[in-house]
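J.: Take this sequence and fold it.
(4 chains)
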Protein chains: 4
Amino acid sequence: MLTTNPFEDDKLREECGIFGVSGADGASALVALGLHALQHRGQEAAGVTSWDGAHFHSHRAMGHVAGNFDREEVMGALRGQVACGHVRYSTTGETALRNVQPLYAELATGGFAVAHNGNISNAMFLRDDLVARGAIFQSTSDTEVILHLVATSSYRDPLDKFIDALRRVEGAYSLIVMTPNAMVACRDPLGIRPLVMGRLDDAYIFASETVALDVVGAEYVRSIEPGELVIVENGKLRSLRPFGETRARPCIFEWVYFSRPDSIAGDQSVYSVRKAIGAQLAIESPVEADLVIPVPDSGVPAALGYAQQSGIPFELGIIRSHYVGRTFIQPGDQIRRLGVKLKHNANRALIEGKSIILVDDSIVRGTTSLKIVEMMREAGAREVHMRIASPPTTNSCFYGVDTPEREKLLASRFSVEGMTDFIHADSLAFVSIDGLYKALGEAGRNDMAPRYCDACFTGDYPTRLTDHDAIDQLALHEAAE
Amino acid sequence: MLTTNPFEDDKLREECGIFGVSGADGASALVALGLHALQHRGQEAAGVTSWDGAHFHSHRAMGHVAGNFDREEVMGALRGQVACGHVRYSTTGETALRNVQPLYAELATGGFAVAHNGNISNAMFLRDDLVARGAIFQSTSDTEVILHLVATSSYRDPLDKFIDALRRVEGAYSLIVMTPNAMVACRDPLGIRPLVMGRLDDAYIFASETVALDVVGAEYVRSIEPGELVIVENGKLRSLRPFGETRARPCIFEWVYFSRPDSIAGDQSVYSVRKAIGAQLAIESPVEADLVIPVPDSGVPAALGYAQQSGIPFELGIIRSHYVGRTFIQPGDQIRRLGVKLKHNANRALIEGKSIILVDDSIVRGTTSLKIVEMMREAGAREVHMRIASPPTTNSCFYGVDTPEREKLLASRFSVEGMTDFIHADSLAFVSIDGLYKALGEAGRNDMAPRYCDACFTGDYPTRLTDHDAIDQLALHEAAE
Amino acid sequence: MLTTNPFEDDKLREECGIFGVSGADGASALVALGLHALQHRGQEAAGVTSWDGAHFHSHRAMGHVAGNFDREEVMGALRGQVACGHVRYSTTGETALRNVQPLYAELATGGFAVAHNGNISNAMFLRDDLVARGAIFQSTSDTEVILHLVATSSYRDPLDKFIDALRRVEGAYSLIVMTPNAMVACRDPLGIRPLVMGRLDDAYIFASETVALDVVGAEYVRSIEPGELVIVENGKLRSLRPFGETRARPCIFEWVYFSRPDSIAGDQSVYSVRKAIGAQLAIESPVEADLVIPVPDSGVPAALGYAQQSGIPFELGIIRSHYVGRTFIQPGDQIRRLGVKLKHNANRALIEGKSIILVDDSIVRGTTSLKIVEMMREAGAREVHMRIASPPTTNSCFYGVDTPEREKLLASRFSVEGMTDFIHADSLAFVSIDGLYKALGEAGRNDMAPRYCDACFTGDYPTRLTDHDAIDQLALHEAAE
Amino acid sequence: MLTTNPFEDDKLREECGIFGVSGADGASALVALGLHALQHRGQEAAGVTSWDGAHFHSHRAMGHVAGNFDREEVMGALRGQVACGHVRYSTTGETALRNVQPLYAELATGGFAVAHNGNISNAMFLRDDLVARGAIFQSTSDTEVILHLVATSSYRDPLDKFIDALRRVEGAYSLIVMTPNAMVACRDPLGIRPLVMGRLDDAYIFASETVALDVVGAEYVRSIEPGELVIVENGKLRSLRPFGETRARPCIFEWVYFSRPDSIAGDQSVYSVRKAIGAQLAIESPVEADLVIPVPDSGVPAALGYAQQSGIPFELGIIRSHYVGRTFIQPGDQIRRLGVKLKHNANRALIEGKSIILVDDSIVRGTTSLKIVEMMREAGAREVHMRIASPPTTNSCFYGVDTPEREKLLASRFSVEGMTDFIHADSLAFVSIDGLYKALGEAGRNDMAPRYCDACFTGDYPTRLTDHDAIDQLALHEAAE
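T.: The predicted model follows:
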């Protein structure tokens, strides 16, 4: 199983991965390895900032970690025992280098670097206020708001300035911050985005997922708690809880699709949870068929769970043919219709004359599901049943995930019957929201106090959405005139 | 399942894939798609030559098909309804552009292009003779010998010149040739390397594997026969057998590893054959264990066959973490030891405390097998049993496959017991040579008249090896002095 | 005569050229042409910002205008009828893209772009103060201080904010500023750096030199006055004098070397002034010789003036051999000694046995002068007399010219006799400071009220040097401890 | 004075420069320097081949010497004490890398490299014959014919093979050849293209011009004689004259334009000859005027000669404004009309109201002359007299110079009166053919036995033109049908 997906055009996309090291020789090389392991969380650009005890060094680049952060002239300049880095997708389409993180500023108290996974949901509101007071923004990133809030805070101590800034922002943020004295790792009060801590000899490591600890040979210690600030200063660790006790609401989609299957998230194996979702799906929505076929690559664990629960053989009916490496730009219009087969191919000898169950992790726009079903039919499948290892995706995310506008989500346009027709399947079923919670070890969803952020399935957003509401207000106002 | 392999440093490598189209608009675009589907057969360089009725056009490039043969300025110049192309690995290390095929020459009879999969085993002998007569070679490729033999043939007709040339070469060759009048596809008398024929509307298509037909939407017609020349001239097809009837000896490693699982080779599904090898392996070498784990990606079908035959659950215990795209060059020596984890990672939560069966397609040097076994042990595996879906690889190939020198092949250095120790496994077993033939539908290997070239397993080479013997002779001579 | 110099390693370097257009279709294309004509004023990087009535568009690049600002994808995006641009050398060695101008900020009053030729001599002092108040700087350029002073000014109107900012800065600045409503061109109260105005149909054009007007076919109107702000708003021009009447002190080195010979500066032809300096030099420091030979290319006009005044024939004794285009990096240490001949070559057949007068515009470190004299001797010159068309360069410039530290200036290390020895000449003479003023049409230098900034020759700096004095203070303080 | 020309679009272009070293450490670095000095003879591509006593090493690249042959990874691989190189323009438009010289072949007698300046005038005829006998050409270069003639020669010794080959070719050739045993430098029997010999310590050096000796610090020894072969073998020199005594006819255009002014050609200073032509022109075609203005850069020496002879002041009326480096691609159609000013600019302050004499070296198509005259008039010139330092160019060259087809040569379309009208000059005069010979020290042209190849002025071609006649024959034949 691979960490990329040939059908990723129709997947939700995590927008960022972050990684930090404090206290290791060649810290930036470890950061590069960690970011490489987190590349699935952001393929558009990457950046690394290091501190050598006297100076900060930064390099930011469009593109992958490999090819940029494995060149000696780049890595040799990123000196020091403290470093952090970032991989990103763009949300807005602004793909300029100036938006690539870690963001950095020279404050009166010294340099300040920040790497951010998540999304500040009142960033526009705060930015307008800061600009009115004379702040000059150098990026269009929501993260820069944090820098300016720190710069203009009236507190004297850099850490107090930072906490002062965090009190003013709302939304989702897992952050790694570097100052000349300390590395700080923190999560927002609900812990929407993940952040874990590890140990490698004397060094402390922070990462979006445990696989990034594995790749550098570090030991997994624990998750950063929601609302917690962990500070590494002079090789010592301390923890602050400036928001007091908070109720966790981690993003449930990390287990469905974002995290790598070999990661541990919230102390559960992502692979096992996905298999459990598949098994739950087999219980909730059984169907008689000859073969269970995963939609590669993200559907594989759920398909295995479905096959083991149902006793129907698991087989590879779709072969990824997209060769490792560069995207092939299809030449000429007359050739373009051949498109989807460049990336995968039906295992025709296996499929022909069979009734099959396709298992995928989610449906976003539905366009790819349609292509896959049709590819199976062209290869001679007798019946095609689609099973989805998540509930219908009906709502947009405002916490750092790239979701299409709501009107483009298949599940917000159609009922399950309508969706079945749309993708030309013989049957279609999604796991229930309670089934999803069961696979995570709960009795079901407690609607009074849900354990996860599942807004994309339920519309139940756990924070205020200041900027979004302001836009709605404006649209309303304009409509009223 | 993917068509690349994270452990490919320790695999035998097919050296070439070829693809030709006669009679379609945008022929070179079809060739590019076909080569993209054959990229696993040669990732080092690619070339395409087209004929527009008046002129030949060629483009050759180091690197992948994608990124080179999907650029409009390149493809727009490759005009015409007839085109052929080539992807290659280098055998000799000579990676110069001038060795990239199709090779092309302006002969007195007009242009002549040739794309070759295989290896001429008397190329050195022929080359020395040609140079002595005044020929100037422009490459170090064995294939160029064919060009000069054609150029200096005393026959008048281009096709006769070509057959005259073929009579002088020995070894393995599947060829696609273009002249102003015709496209010719042919295989050597033993049919060592594959070549299939397809049909897309009025066009004829030739390709190393059927997946390349699938990708362009062509219908699979049949294999080119060993010793057969198929000529397409003015849209009409004819077949010649200049060597008379010959006894086929196709390369058995195509089913073991080279061909894509979704290809049909010798009228058998490669995927099904691999599953059958896995099942045969479970029968020959059973072992009690908790999990069957494929070595990704090429071990997956055999592992499924093994799991289904044995009833032991199939699970993904190794996650490919090598991100799609560029190779990550590991920074610095102190970091290098982390190496192998960049490309894959143990699914620790699954492995811990379990007895596991690892299934892989072959062992070449054994270095990677050792790393995988150790990775499994580090992840907490209680017992690690290795099962290999081919017999021990004991001999070098001289027919167009990149094999290490014989002394580096693990199976030529050690007995199975010694190999078990070398890779630190609790047990190790290979499928038997008869078992391999059984998976291909035979009763076993008929040693008097084997149906396949299995020299890498048996040392039974089906042709003379003129150049190789000359080198041995020389070495012997030098040793005697 | 060419606008570059084969000996430019040992020349003072103007640090910037600026160019702006308001009111012309394809304004950014005109800016690109203008910057191309000003390329001799800054070859390290270039930038263009345009305003299309709704949005600002910017492109900045390392390297020359050609190759960057003649690419359709770049120029097509720089839409609008208003645009300005900048070419630069770096002073500090910080060659990052973020320092490339025009600098741009989104202020509360809208976008604000600025292109600057000169140097703010209290920039460090102002910057420290702004950072203490929470400003985040994105560059290390002194020019960014102006942006932050505008952003934090308490005035409401953008133009008032800008004047408020200018009142706080000291030093040399010719600026072109763009806001959504207006283009503003201004010079510091002493007019140290040049800035001229032109007209092309209905458009107003501002440029560092008149050659940039020539290249776009614009008519030269007049210089911007020292201390004047010229504002183009809605196609109308107005002029402000916020500093009242000021006494002009334009940089005299523009006539000596910086400006192109075909420019008109201060209403005088630069070519004619240079010839007049040469003639003055012939009067002040005559010598008997066979030939007058210019050091190419900047010494040519003065050499012609010298030859015409003295009656000694003007001949090309040094041939520029540096081929148009890329710098040749000399291979290997053993070859490096051949160095200087790559860029020029003695015209041996002419020189041999002759007594020659070499005419150059200035001597900075003297290293190149030494090489040239020796090259002439190697070519057989009997006597070599050096004549310099400027007084000895004894002091550093703090107004936007890249000068070596004072200790490296040959004229601050040696008397004229010492310099003569250093460069191995038979004689050496500089034009007198009064002679230089005479060539500019004055009776001589009025030491009470000199007409030009000639600090590099006289040490008489016309402004305060706040940052420089602070550093001296610090050095003094450290020395005292 | 610079070695390039802003008006080179309308100049004849020498097609090649060659340079060879035998017997120096770092030979290829010397070759790179030498080629850099010969870059004006060919800017399209360059190549270097070296011999390290055991192997040949080659690198060929499109573009300039600088940027290609100053990179350590390139030069480090070009090991050995013997090396030769080549710079080229393309004649045919075939700009492929395979045509870049030195050409190289592995012959039965070992490696054989050749660098060629000139043109084989029966190359097509010989090529057809060689291909009919089975030769495979790898380039479209006429030079490759020599390789195949050597390869197929029936002589045994490599030098005999080479002489055998030369006997079959006709036309112009200066060659540097490398074999494992020797470096051979030779010129065709008429010595049409130049080739000189120099000495640097123990090494022998061969170069197209003496400037290339100057740049490496070598001493000029003598020209290779027409029809002479100079062989360096084991550090010893010998000379052969396989064609017996021959009558020299060196190309006269080398003195007019091709060679650098600081070169010595045929033992005469090119600079001095050009000045003498200018003086002769002043005698033959005087005119009253205020200023003599050179068309930069190639017109400068003749203009100086004209000015000194006539007593009219020499002034720089045209300033090269084309900045060193890349060509500026003019953006947009509306801007394109500004074109010519990008590369030069009138020195308006000097020109205005004056009667001027423009001096240029030659007129080819006349388009640029027209632009220059008009630029002078726009700048206010009262009268514009054009004087040309060569006779009218009426005929094409077939000896390695890129000439437009005859119908495009202004002098073959018009009388001098017609040409005067075409370029809008007040008067126009060319130096006479006898005047040109006088400047070279002759009494005039001896039509019975001219000392130079002056076919471009006279149509008197000194060799057979087999290929050209065959084409004419064909055209005639077709016309007759």
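J.: What residues sit buried inside stretch A:285-294?
T.: Neighbour-count burial for stretch A:285-294, counted by 16 or more other Cβ atoms under 10 Å in any protein chain shown, picks out A:285-287, A:289-294. For glycine as for every other residue, the C-beta is placed from the backbone atoms N, C-alpha and C.
J.: Nearest to chain B within the stretch 151-300 of chain A, name that residue for me.
T.: Sorted by distance to chain B under Cβ to the nearest Cβ, the residues of the stretch 151-300 of chain A start with A:Ser269, at 3.4 Å.
J.: check contacts around that residue.
T.: Neighbour list for A:Ser269: B:347, B:349-350 [criterion: Cβ atoms under 8 Å, 6 or more residues apart in numbering or on different chains].
J.: okay, now the domains of chain A?
T.: Residue ranges for the domains of chain A, per automatic domain parsing: A:8-249, A:264-458.
J.: Can you check which of the ones you listed gets nearest to C:Phe414?
T.: C:Phe414 sits nearest to domain A:8-249 of all the domains of chain A, at 38.4 Å, using Cβ to Cβ.
J.: Is there proximity between that closest one and chain C?
T.: Yes - on the criterion Cβ under 8 Å from any Cβ of the partner chain, domain A:8-249 is in touch with chain C at A:98, A:105-108, A:131-138, A:147-148, A:151-152.
J.: any idea how far that domain is from the chain center?
T.: 15 Å (Cα atoms, centre = their mean, to the nearest Å).
J.: Briefly note if it comes near chain D.
T.: No - for domain A:8-249, no contact with chain D is found by Cβ under 8 Å from any Cβ; the gap never falls below 14.4 Å.
J.: when you scan that domain, is anything in it near chain B?
T.: Yes - legend: contact between domain A:8-249 and chain B by Cβ under 8 Å from any Cβ is shown at A:25-26, A:29-30, A:32-33, A:36-37, A:39-40, A:43, A:64-67, A:69-72, A:75, A:211, A:214-217.
J.: and A:Val196, what are its bridge partners?
T.: With DSSP bridges as the criterion, A:Val196 is bridged to A:Ala207, A:Ser223.
J.: what's it in contact with, if anything?
T.: A:206-210, A:213, A:220-224, A:264.
J.: Buried ones among those residues?
T.: A:206-210, A:213, A:220, A:223-224, A:264.
J.: Closest to chain D out of these?
T.: Once Cβ to the nearest Cβ is applied, the member of those that ends up nearest chain D is A:Ala207, at 37.3 Å.
J.: which residue ranges form the helices in the stretch 351-481 of chain A?
T.: A:367-378, A:410-413, A:416-422, A:433-439, A:455-458, A:466-480 (DSSP state H, counting those that start in this stretch).
J.: what does the average pLDDT come to for the second one?
T.: The average pLDDT within helix A:410-413 is 95.
J.: hmm, back to that, quick one: buried ones out of the residues of domain A:8-249 next to chain C?
T.: A:98, A:105-108, A:131, A:134-138, A:147-148, A:151-152.
J.: Tell me the one of those residues nearest B:Ala113?
T.: Using Cβ to Cβ, those come closest to B:Ala113 at A:Arg98, 49.4 Å.
J.: ok, now which ones touch that closest one?
T.: A:Arg98 neighbours (Cβ under 8 Å, 6+ apart): A:138-139, C:98.
J.: Quick check: it is in a helix.
T.: Yes - with DSSP: H, G, I helix; E, B strand; the rest coil as the criterion, A:Arg98 is located in a helix.
J.: Just the element for the residue lying closest to A:Asp467 once chain neighbours are set aside, please.
T.: Leaving aside its sequence neighbours, A:Asp467 sits nearest to A:Met124 (Cβ to Cβ, 6 or more residues apart in numbering or on different chains; 4.3 Å). Per DSSP states H and E, A:Met124 falls inside helix A:123-132.
J.: A:Ser427 - nearest residue in space that isn't next to it in sequence?
T.: A:His385 (4.6 Å).
J.: what are the bridge partners for the one you found, then?
T.: Under the criterion used (DSSP bridges), A:His385 bridges to A:Ile357, A:Ser427.
J.: Can you verify my assumption that it contacts A:Lys354?
T.: No - counting by Cβ atoms under 8 Å, A:His385 does not reach A:Lys354; the two are 11.4 Å apart.
J.: what's the average pLDDT for stretch A:73-86?
T.: Stretch A:73-86 comes out at a mean pLDDT of 95.
J.: Tell me the buried residues in it?
T.: Neighbour-count burial for stretch A:73-86 [16+ other Cβ under 10 Å]: A:74-75, A:78-86.
J.: now these as JSON lines including secondary structure and distance to A:Val416?
T.: Formatted as JSON lines, the buried residues of stretch A:73-86 follow (DSSP: H, G, I helix; E, B strand; the rest coil; distance: Cβ to Cβ, whole Å):
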{"residue": "A:Val74", "secondary structure": "helix", "distance to A:Val416": "50"}
{"residue": "A:Met75", "secondary structure": "helix", "distance to A:Val416": "51"}
{"residue": "A:Leu78", "secondary structure": "coil", "distance to A:Val416": "51"}
{"residue": "A:Arg79", "secondary structure": "coil", "distance to A:Val416": "56"}
{"residue": "A:Gly80", "secondary structure": "coil", "distance to A:Val416": "54"}
{"residue": "A:Gln81", "secondary structure": "coil", "distance to A:Val416": "54"}
{"residue": "A:Val82", "secondary structure": "strand", "distance to A:Val416": "51"}
{"residue": "A:Ala83", "secondary structure": "strand", "distance to A:Val416": "48"}
{"residue": "A:Cys84", "secondary structure": "strand", "distance to A:Val416": "44"}
{"residue": "A:Gly85", "secondary structure": "strand", "distance to A:Val416": "42"}
{"residue": "A:His86", "secondary structure": "strand", "distance to A:Val416": "39"}
